Each structure stands twice: as structure tokens, then as C-alpha cells.
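Colleague: Provided below for reference: sequence and predicted model.
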Amino acid sequence: MAFWFWFFAGVGVGGFLGWLLYLSARRESVQLDEEMQHLQQEKQIVVEFMHNMVESTGQGLSKRELFQRIVHAAILSTGALSACAYERTVDEQLKGVAVEGLFPPQRLLPGEGGTEAPATRAKFLEQVLKAENYAMGEGLIGSVARSGKAVLITDAQKDPRVVVHADPSLVVRSLIVAPILFREKVLGVLAVANPTDEVAFNEADFSLVQSLAEQAALALHNVELMRMEIEKSKLDFDLAVASSVQGLLLPRSFPQNAALEMDALYTTAQQVGGDLYDVFPLEGERVGVAVADVSGKGVSASLLMAICQTNLRHFARLQDSPAEVLRRINREMALEIPEKMFITIIYAIVDTAKHEITLARAGHELPLLLHQDETTGHLEVRTIGSEGMALGMVPPDIFDSVIGDQSVAFTPGDVLVLYTDGVTEALNAEGEEFSSGRLADSLKYLRQHSPKEMNQGILANVKTFAGASAQYDDITLVTVRHK
């Protein structure tokens, strides 16, 4: 008491209050310094974590390998004894993909609750965790994923959301569960358990884990972007190869035949189409003409077309019958055409010495023949009918029994048009098809023009008909005029 009497007597009440304010300010300054140090430490940890993630992305790690690095970095950064990461799958499940330390599973282990003792070895726990699947909203992991909100559990032993295991080595004292969130999309969940100093996680730890989860989400997003870019590059390469193969298949010039004038037009709906045309010379005054359409696109379709064309040219020089040529091709390719794929094809032999066309059709569009009677002047466009099924669609014995040759007169002034269904099935805004009737009308209207002008005119009519509707299928036209 004497001390405080003489103290007040010496400094007065005002001086004493000032001293108290000084002590309070000093204490606040110390607390602020400590908070600043914590923030600086957290910033440094996050920066190092970001650097680690950038390096991992640059090394071309798989997503699973990156998850494992995220877990390892989370343990080093937080001082936790264990951590686990769960990935959100396409079927809306959360699958354990990476674990480090004895992370307590959020389901009871096999044997817990019964007479069998639970296994607790790290390898076993790793297998259990990586086999775990949680639905969105299921348990603590699922609820964090659904809400997108992190959870700090300081005293996990009193929290009913935390699974309690019989094995004391799997006791959860403190737990942080954070969503791995990128632009409001949950990519997974990161969970860390039990600080090494046996003190509960605090708000600073909670903030740190949330920051690490945010950076992990960015790294995972970048890995996915890189994967998509690699796949796109591979696809672009495949398409470029397919386009080159397809370009090599198409004839660059037409056979020299004084009695014939020919032209072909081919426009693809995509980078690589599924159509094929070929025009090649045969013995005598004959020319082989073919148009085909494969039920597919890309590299596989272009390679299938290459095989088909090779067989066509080979058998066309051995057989005078178009139907027999197609039978041989079908038998040859029976094992090469994949299931659910097929090829429609029409092959015609134009014989100017006989003034005749002989053709066979394997499930393809019916060709058109324009003829004008010299005596009456009557103009007619008719289809050349013939039976046949697509290559690869039915067994060879059925194919052979159905297909057959069809011969028609082909006199000077006549025009033969072979085409694919991209012409007749082109749609307008109302969903109406261009149809073979409009194709025939276009052919009549353009009859005085050259085959090249006829093809260009037909294509223009198709585009005018379709209007703003996108071309959804390849368009192929081969036009042959008998001079």
C-alpha cells in the first residue's frame, strides 16, 4: 500500500492512467507484430506452395501425381500428422486419390464394431482411403464439397460429424476440411488432421489450409488445361494426317477420252470428310467412275477409304463386271471394316464405244441420267435403279446374292451424275431436305453448261436452299457428259 501511495503522490492520477495506456498500446503493438509475422509466414508458405505447384505442372505430372504432391505440401506447410485429398469424378463422387500419414478414414474400417480387430497399417489405410467414394453431401467430406465452405474442427472428439475409430492411433483431435475450388467449381476436397504439436488447429491454420486449397485448385485447373491442349494437338495432328490421306486419294486429273467431258466437286462439312470419288481409265474406250461414303469421320474413315480405293482399282482391272468388283471388295474388306461401320459405294463403267453405262450399287444413292430425245426434244432426268447393300453391312453370301449389274444407254448429249447424300439431304431452316427432285430440276436447268459449271451450279442451289443452316454432311458430285 505504501508503494502505491507514494507512486500516486509522485506521478498523480493522470500520469498513472497514461502509463496504463502505454502498456495497453505496447501489448496491442506486440499482438499486431505477431499477427503480421503470422501473415508473412502464411504468405511465404503459400508462395512456396504455388512455386511447387507450378513446377509440378511444368513437369507434366498426371492429375493423380499432382494430388499426391498437394497432400505432401499441405502436411509440410501446416505441420499436420496426416492429410488426404479427394477428387470429384464425372459421376459426382468424391474419390480418395492421395493420402499421407495415418489419416483416419471417415468411414468405419472393416471389422470395427464387430469381433474382428481392425487393421491399421499405413499401406492398408492408404488402400482404404483410395477406395473410398463419397456422394456429394455425404458425410463431412461430401458436405464440404456440396457447400463449397471450409470447416475448422478444433475439438474433433466432441464433434458428431467426425468418425470415431476404435484404434487409438486413428483418433482425430483436430481437423480442417477445405474445398478445392476454382471459379465456384469444386474440383475436390483437401483434409488435414492432427497438428504435430498436439495443439488444436487455430484460425491461422484454417486460413492457411484454405489458401493452399485455392492454389491447389489453380494447379489442377492448369493441369487439366494442359491435358486438353495436348489432346487437342493430337487430334489436330490426326485430322491433318487424315486430311492429307484423303487428299492423296482424290484424282488430280481425269482420264483422256475424246468422247467424254468430266468434273468432280468435293466439299467437306468438317476438316476431314467421309466421302470418296475416283475416276480412272480402263482398257479400250472405257472409264471407271466411283463415288463412296463411309459411315464415319477422321483417321479411321480416311484409312478405310484408302483401302477401299486400292481394292477398287485392283479388282476393276481384273473384272469387267462392276457387281463382281464390289463383291470382291466386300469379301476382301469383310474383316477390315470395324463393327458398326460400313461403306456405301456406286461403281460405273462408262463405255463410249458401246455408248453404254454398266453400274452396280452397294447401298449408295441412285445415280441420275439426263437424256434428251433427238426426235421429240423431250428432256428426261431419271434414276438408274439397281439393288445392293453397303460394304461391311452383311455377310458376303448375302451381299453377293443381292447386288447385280445394271446397263443403260449413254448416247451423245447424255449426262451422268453420281453424288452422295450430302446433296439430297441438305436441310433448310424448316428441316426440309433438298431432295433428289430438286437435284433433277437443277440438272435440267443447267443442262447446257459444262460438267464443271453444272457441279458449281448444283452446289450453289444447295447452299441457297439451305440458307443459314450449317452444312452437316460432306457433298460430292461427279458429272460425266457424253459429247
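Modeller: The structure has been received and is ready for your questions.

Colleague: phi, psi of Gln157?
Modeller: Gln157 adopts backbone torsions of phi -70, psi -20, taken as degrees, to the nearest 10.

Colleague: now swap in Pro195 and tell me
Modeller: Here Pro195 shows phi and psi, under degrees, to the nearest 10, equal to phi -60, psi 150.

Colleague: ok, it - contacts?
Modeller: Pro195 is in contact with 78-81, 173-174, 201, 205, counting by C-beta atoms under 8 Å, 6 or more residues apart in numbering. Quick note: C-beta positions are derived from backbone N, CA and C, even for glycine.

Colleague: repeat that with 10 Å
Modeller: Pro195 makes contact with 78-81, 173-174, 176, 201-202, 205, according to C-beta atoms under 10 Å, 6 or more residues apart in numbering.

Colleague: that one and Gly101, how far apart?
Modeller: In this view, Pro195 and Gly101 are 12 Å apart by C-beta to C-beta, to the nearest Å.

Colleague: overlap in contacts of these two?
Modeller: Common neighbours of Pro195 and Gly101, using C-beta under 10 Å, 6+ apart, are 80-81.

Colleague: pretty sure Arg313 sits against Gly288.
Modeller: Yes - under the criterion of C-beta atoms under 10 Å, Arg313 makes contact with Gly288 at 8.0 Å.

Colleague: quick one: the residue lying closest to Glu433 once chain neighbours are set aside and Tyr419, what's the gap?
Modeller: Leaving aside its sequence neighbours, Glu433 sits nearest to Glu425 (C-beta to C-beta, 6 or more residues apart in numbering; 5.3 Å). Relative to Tyr419, Glu425 is positioned 11 Å away (C-beta to C-beta).

Colleague: between these two, who's got more neighbours?
Modeller: Tyr419 (27 against 15; other C-beta atoms under 10 Å).

Colleague: so what's that one up against?
Modeller: Tyr419 neighbours (C-beta under 10 Å, 6+ apart): 265, 275, 277, 291, 293, 346, 364-368, 436, 439, 455, 458, 475-479.

Colleague: narrow these to those in strands?
Modeller: Counted as lying in strands by DSSP state E, out of the contacts of Tyr419, are 265, 275, 277, 291, 293, 346, 368, 475-479.

Colleague: so among those residues, where is pLDDT lowest?
Modeller: Among the ones in strands among the contacts of Tyr419, Asp275 has the lowest pLDDT, at 85.

Colleague: now stretch 147-158: mean pLDDT?
Modeller: 93.

Colleague: before we move on, what about stretch 61-71?
Modeller: Computed over stretch 61-71, the average pLDDT equals 84.

Colleague: hmm, back to that, quick one: which of the contacts of Pro195 is most hemmed in?
Modeller: Neighbour counts for the contacts of Pro195 (other C-beta under 10 Å) peak at Ile176, which has 28 neighbours.

Colleague: residues touching that one, list them.
Modeller: Listed by C-beta under 10 Å, 6+ apart, the contact set of Ile176 reads 74, 78, 80, 83, 144, 150-154, 190-193, 195, 201, 205-210, 212-213.

Colleague: let me know the pLDDT of the closest residue in space to Glu387 that isn't next to it in sequence.
Modeller: Nearest non-adjacent residue to Glu387, counting by C-beta to C-beta, 6+ apart: Val402, 5.5 Å away. pLDDT for Val402: 94.

Colleague: so what's Val402 up against?
Modeller: Contacts of Val402 by C-beta under 10 Å, 6+ apart are 323, 362-363, 387-389, 394.

Colleague: if we go to 6 Å?
Modeller: 387-389 (C-beta atoms under 6 Å, 6 or more residues apart in numbering).

Colleague: and which of these is nearest Asp159?
Modeller: Nearest to Asp159 out of the contacts of Val402 is Met389 (C-beta to C-beta; 69.2 Å).

Colleague: using the three-state scheme, assign that closest one.
Modeller: coil (DSSP: H, G, I helix; E, B strand; the rest coil).

Colleague: burial measure for Asp397, as a count.
Modeller: Asp397 - counted by other C-beta under 10 Å - has 9 other residues nearby.

Colleague: wait, Ser169
Modeller: Other residues lying near Ser169 total 9 when counted by other C-beta under 10 Å.

Colleague: sorry, back to before: of the ones in strands among the contacts of Tyr419, buried ones?
Modeller: By neighbour count, with 16 or more other C-beta atoms under 10 Å, the ones in strands among the contacts of Tyr419 hold 265, 275, 277, 291, 293, 346, 368, 475-479 as buried.

Colleague: closest to Glu374 among these?
Modeller: The closest of these to Glu374 turns out to be Leu368 (C-beta to C-beta; 19.8 Å).

Colleague: looking at it, that closest one is touching Leu418, isn't it?
Modeller: No - Leu368 is beyond contact range of Leu418, at 8.3 Å (criterion: C-beta atoms under 6 Å).

Colleague: where do the helices sit along the stretch 151-300 of the chain?
Modeller: Secondary structure of the stretch 151-300 of the chain by DSSP state H, counting those that start in this stretch: the helices cover 203-249, 298-316.

Colleague: looking at those helices, which is closest to Pro412?
Modeller: Here helix 298-316 is closest among the helices of the stretch 151-300 of the chain (C-beta to C-beta), at 25.0 Å.

Colleague: Val163 touches Gln106, doesn't it?
Modeller: Yes - between Val163 and Gln106 there is a contact under C-beta under 6 Å: 5.0 Å.

Colleague: lowest-pLDDT helix or strand in this protein?
Modeller: Least confident helix or strand, the chain: helix 2-58 with a mean of 51, by mean pLDDT, DSSP states H and E.

Colleague: buried residues in stretch 442-462?
Modeller: For stretch 442-462, by 16+ other C-beta under 10 Å, it's 442-443, 446, 451, 454-456, 458-459, 461-462.

Colleague: now, the most widely separated pair of those residues?
Modeller: Farthest-apart pair in those is Pro451 and Val462; separation 16.6 Å (C-beta to C-beta).

Colleague: ok, Met393 to Ser143 distance?
Modeller: Distance of Met393 to Ser143, given as C-beta to C-beta: 53 Å.

Colleague: okay, Leu335: pLDDT?
Modeller: On the pLDDT scale, Leu335 is placed at 83.

Colleague: could you give the number of residues near it?
Modeller: 8.

Colleague: you'd agree it is in a strand?
Modeller: No - the assignment for Leu335, made by three-state DSSP, is coil rather than a strand.

Colleague: need the phi and psi values for it.
Modeller: Torsion angles, degrees, to the nearest 10, at Leu335: phi -90, psi -10.

Colleague: quick check: it vs Phe315, distance?
Modeller: 17 Å.

Colleague: how about Pro195?
Modeller: From Pro195 across to Phe315, the span is 78 Å (C-beta to C-beta).

Colleague: just Thr375 next, same as before
Modeller: 40 Å.

Colleague: which one's more surrounded, these two?
Modeller: Neighbours were tallied for Thr375 and for Phe315 using other C-beta under 10 Å; the higher tally belongs to Phe315 (20 against 5).

Colleague: residues contacting that one?
Modeller: Phe315 neighbours (C-beta under 6 Å, 6+ apart): 325, 328.

Colleague: can you list the weak-confidence ranges in the protein?
Modeller: 1-60, 110-131, 238-239, 241-243, 245-246, 271-273, 297-298 (pLDDT under 70).

Colleague: show me it divided up by domain.
Modeller: The chain is divided into the following domains under automatic domain parsing: 31-102+119-225, 242-482.
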